[in-house]
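Trainee: this one's sequence-less:
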């Protein structure tokens, strides 16, 4: 445990960020899962639009690096295109 006052505050802030980031990442992973598990092309296309929006929001909040978000979007788009 930290002893300095500033270190204690840093620890508190890190714990708050971790909880917030965990929720954002969980939402994003759920959206990605819906795209991957979509049975037909129409459902996958709808889920893809939602997932792209959520991925962009995650990047904007600073939870993901922009290149990582782009990679997720690219791979999901290719997956949906292969469905037909």
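Mentor: Arrived safely. In this text, all values refer to a predicted model and were calculated from it rather than measured experimentally. Numbering: from 1, shown residues only.

Trainee: next SSE after the helix or strand hosting residue 9?
Mentor: Assigned by DSSP states H and E, residue 9 belongs to helix 5-36. Using DSSP H and E, the next helix or strand after helix 5-36 towards the C-terminus is helix 41-60.

Trainee: helices or strands up against that following helix?
Mentor: Here helix 41-60 touches helix 5-36, helix 66-83, going by 3 or more Cβ pairs under 8 Å, 6 or more residues apart in numbering; DSSP states H and E. Bear in mind the C-beta positions are built from the backbone N, C-alpha and C, glycine included.

Trainee: could you list every helix and strand in contact with the last one?
Mentor: Helix 66-83 sits against helix 5-36, helix 41-60, with contacts defined as 3+ Cβ pairs under 8 Å, 6+ apart.

Trainee: please repeat the previous calculation with a cut-off of 6 Å.
Mentor: For helix 66-83, the elements it packs on are helix 41-60, judged by 3 or more Cβ pairs under 6 Å, 6 or more residues apart in numbering; DSSP states H and E.

Trainee: go on, the longest one?
Mentor: The criterion is 3+ Cβ pairs under 6 Å, 6+ apart, and the helices and strands that helix 5-36 contacts are helix 41-60.

Trainee: same thing but at 8 Å, please
Mentor: helix 41-60, helix 66-83.

Trainee: could you dump the helices and strands packed on helix 41-60 to CSV with distance to residue 60?
Mentor: Shown next, in CSV, are these (distance: least, Cβ to Cβ, whole Å):
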stretch, distance to residue 60
helix 5-36, 10
helix 66-83, 9
